[in-house]
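Participant: Build me a model:
(one chain, ligands or ions: 2)
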Amino acid sequence: MSSESLANLLKEERRFEPPAELAAHANVTAEAYERARDDRLGFWAEQARRLTWATEPTETLDWSNPPFAKWFKDGKLNVAYNCVDRHVEAGHGDRVAIHFEGEPGDTRTLTYADLQREVCQAANALTELGVRAGDRVAIYLPMIPEAVVAMLACARVGAPHSVVFGGFSADALATRVQDADARVVITADGGHRKGAPSALKPAVDEALTRPGTENVRTVLVVRRTEQEVEWTEGRDLWWHDVVGRQSPEHTPQAFEAEHPLFILYTSGTTGKPKGILHTSGGYLTQIAYTHHAVFDLKPETDVFWCTADIGWVTGHSYIVYGPLANGATQVMYEGTPDTPHKGRWWEIAEKYGVTLFYTAPTAIRASMKWGDDIPAKFDLSSLRLLGSVGEPINPEAWIWYREHIGAGRTPIVDTWWQTETGGVMISPLPGVTATKPGSAQVPLPGIAATVVDDEANEVPDGSGGYLVLTEPWPSMLRTIWGDDQRYLDTYWSRFPNRYFAGDGAKKDDDGDVWLLGRVDDVMLVSGHNISTTEVESALVSHPSVAEAAVVGATDPQTTQAICAFVILRGTAAESEGLTEELRAHVAKQLGPIAKPRRILPVAELPKTRSGKIMRRLLRDIAENRELGDVSTLTDSSVMELIQAKLPGAASED
Ligand code: ATP
Ligand code: MG
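Facilitator: Ligands and ions are numbered 1, 2, ... in the order given. The predicted model follows:
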């Protein structure tokens, strides 16, 4: 599809220049691109100086055994010291680190001095429990400050954490505990979600009955909801007992830059989740830099809020490690955006004067569906920058976000990255880039990315292909935990010497990158490659459509036929006339080849717990197959509803 069709989608070519005020004081200017281009490793060595090292590194990158990278390998540091203590030592102990808002409305304020005390106590507790550097700790907690404290305490004693999203089942927890061979599990009685306490401890009790979890000696339980819990004597301990009685002082030990920091599983959008290993010095360097550059963070005055769960990489990098390494003040919210009302997020943003806000397209589309009047009730004038991550953001949602949350004046940074990349890779810089709705645009300074064809040749501007990263980067994954071969096969075998991201992309006439969805999702229709993202964007640009997911189903005539699943907006009624109109709308926007064969209105789409649409399950349905891995699906009843609706409900050519 030509880039004209994208412009068409927007009805006109729209560019948004950085606000003059922001550009004038931006943390990073255009000169950074040049500096990094001239000396990429020198650039990263410079960024590493954002951190406080116990031993300064002298070597930036050891790439002698690709693709197993070693960044800053002779440097030593303590990650938790960098995120907490050094700010207190610099005189910022009274600065708020976390404004916590519980779902029921309870609040807590943690300054950097408070955080230091709690992290030290928790580190002392882990040590008392026999946790040594290198031991793995599983963390299965709601979005409460103890989650941050637990992660930092692990980092402080050199015990890699494996955070498991609190909404996952006992099964998902058990496999992650087994895979990492965890020694301790940190959990809570429960957390507050959707207006009610939701238990966590029973899932831990169940998970730990499974074979392969025997090495868990201790379960440390935070009291949050005061639900009744079963208790295994000798194994279970209350956090407030054990952590509460520890000394608030703890001397951090320095670890090698390549010391493992955490294992984290991918979201499972394309298949069974992969356990990604991240290490310390390179990771923290890139996370601190990208948080500073992409969000233009001014730690003295900004209030940052990333709405992700700490169970996802976005929560690791842009709630815990990036903001705290940079001494930021941030908001942390426990619950769902619609509890007790659909304006909860905007109410919180107003209350704390949030200036930088980072969320996912799925949340933006949900807000669009709920109506413009909801954010309009709140004073969002403190916001000066908005971010998006997790999926391609369709231009309609981008524009809505800017207009209704950003008052038509804030820049939007659409950040492309993955669990594997650790930090943001492709994104506008808010003080530099004239933004284009729907495009992640340019690799950050120090990052080398391009788009290639099947033969690994770089495609010219105006064409599409596969997104690849052509140089190692500091926060890259080091391997898949315990499976180097899968690391090689998944990322490094498709194209020699290039990291294969698994995403389709195109470069427009200006060379800007547009993400087109998963390579597995790209459709082949009568000899044409058509991206799911483009057809979805076209559907969502119709006033009756709130959300869309598109898949290609095997078809004897055209190789694949486009099937679209759409959620209609509140006021739109399902009718044959409407599905015909939608098909015509797509044909008009993108050309007749992209016209969906079938359009099926549905009440919900299958999404991962991180809010991404799982097209592979829709494809399974469209092709009448048994469903693949559903362990990371939010709600499996969604699939039954869709399946029940399928026969006869679709409109056929
Ligand atoms: P799995 O790897 O298990 O299938 P996943 O890829 O969804 O799951 P994540 O690492 O959480 O797991 O997500 C990274 C992916 O999310 C990227 O590869 C890309 O497909 C998508 N993504 C993230 N941010 C953006 C963005 N700004 N624009 C387009 N796509 C994005
Ligand atoms: Mg992935």
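Participant: continuing past the host helix or strand of residue 524, what's the next helix or strand?
Facilitator: With elements taken from DSSP states H and E, the one containing residue 524 is strand 523-525. Note on strand 523-525: by DSSP H and E, the next helix or strand toward the C-terminus is strand 528-530.
Participant: So what's the model's average confidence on that next one?
Facilitator: Along strand 528-530, the predicted confidence averages to a pLDDT of 89.
Participant: Show me which residues of it are buried.
Facilitator: Buried residues in strand 528-530, counting neighbours by 16 or more other CB atoms under 10 Å, are found at residue 530. (Each C-beta comes from the backbone N, C-alpha and C, glycine too.)
Participant: Pull out the buried positions in stretch 489-507.
Facilitator: Going by neighbour count (16+ other CB under 10 Å), the buried part of stretch 489-507 is 490-491, 494-495, 498-507.
Participant: now stretch 459-478
Facilitator: By neighbour count with 16+ other CB under 10 Å, stretch 459-478 contains the buried residues 459, 464-469, 471-478.
Participant: Which one of the buried residues of stretch 489-507 is nearest to residue 364?
Facilitator: Taking CB to CB as the measure, residue 364 lies nearest residue 503 of these, at 19.8 Å.
Participant: mind checking the SS state of the closest one?
Facilitator: For residue 503, the secondary structure call by DSSP: H, G, I helix; E, B strand; the rest coil comes out as strand.
Participant: That one bridge partners, please.
Facilitator: For residue 503, the residues forming beta bridges with it (DSSP bridges) are residue 518.
Participant: again, but for residue 331
Facilitator: Following DSSP bridges, residue 331 is listed with bridge partners residue 99, residue 305.
Participant: Could I get the contacting residues of it?
Facilitator: With contact set as CB atoms under 8 Å, 6 or more residues apart in numbering, residue 331 has these partners: 98-99, 101, 303-305, 348-349, 352, 354.
Participant: tell me the two of these that are most distant?
Facilitator: Distance extremes for these: the farthest pair is 98 and 349 at 15.5 Å, using CB to CB.
Participant: what mean pLDDT does stretch 368-382 have?
Facilitator: Stretch 368-382 shows an average pLDDT of 96 in the prediction.
Participant: in that stretch, what counts as buried?
Facilitator: The neighbour-count criterion (16+ other CB under 10 Å) identifies 368, 370, 374-375, 378, 380 as the buried residues of stretch 368-382.
Participant: which SS class is residue 620?
Facilitator: Going by three-state DSSP, the state assigned to residue 620 is helix.
Participant: and the nearest residue to it once chain neighbours are set aside, how many residues sit next to it?
Facilitator: The shortest distance from residue 620 to any non-neighbouring residue, by CB to CB, 6 or more residues apart in numbering, is to residue 627 (5.0 Å). The criterion is other CB atoms under 10 Å. On that basis, residue 627 has 16 neighbouring residues.
Participant: So residue 627 sits against residue 617, correct?
Facilitator: Yes. With contacts defined as CB atoms under 8 Å, residue 627 counts as touching residue 617 at a distance of 5.6 Å.
Participant: Need the buried residues of stretch 489-507 in CSV (columns: pLDDT and distance to residue 222).
Facilitator: Converted to CSV, the buried residues of stretch 489-507 look like this (pLDDT from 0 to 100; distance: CB to CB, whole Å):
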residue, pLDDT, distance to residue 222
490, 96, 35
491, 98, 36
494, 97, 43
495, 97, 45
498, 98, 43
499, 98, 38
500, 98, 40
501, 98, 36
502, 97, 36
503, 97, 37
504, 96, 42
505, 96, 42
506, 95, 46
507, 96, 48
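Participant: Also within reach of ligand 1: list those from the residues you listed.
Facilitator: Restricting the buried residues of stretch 489-507 to those touching ligand 1 (CB under 6 Å from any ligand atom) yields 501-503.
Participant: Closest one to residue 579 out of the residues you listed, please.
Facilitator: Distance to residue 579, by CB to CB, is smallest for residue 503 among these, at 29.4 Å.
Participant: In contact with that closest one, which residues?
Facilitator: 416, 466-467, 515-519.
Participant: For it, give its distance to residue 421.
Facilitator: With distances taken as CB to CB, to the nearest Å, residue 503 is found 11 Å from residue 421.
Participant: Residue 374 too?
Facilitator: When distances are taken as CB to CB, residue 374 and residue 421 turn out to be 34 Å apart.
Participant: just residue 492 next, same as before
Facilitator: Here the criterion is CB to CB. By it, residue 492 lies 14 Å from residue 421.
Participant: For the stretch 1-150 of the chain, just list every one of the helices.
Facilitator: Listed in chain order, the helices of the stretch 1-150 of the chain (DSSP state H, counting those that start in this stretch) span 3-9, 20-24, 31-38, 40-48, 79-80, 86-87, 112-128, 145-157.
Participant: Make TSV out of those and add mean neighbour count and mean pLDDT.
Facilitator: Formatted as TSV, the helices of the stretch 1-150 of the chain follow (neighbours: other CB atoms under 10 Å; pLDDT from 0 to 100):
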stretch	mean neighbour count	mean pLDDT
helix 3-9	18	47
helix 20-24	13	97
helix 31-38	15	98
helix 40-48	20	98
helix 79-80	28	99
helix 86-87	21	98
helix 112-128	23	98
helix 145-157	27	99
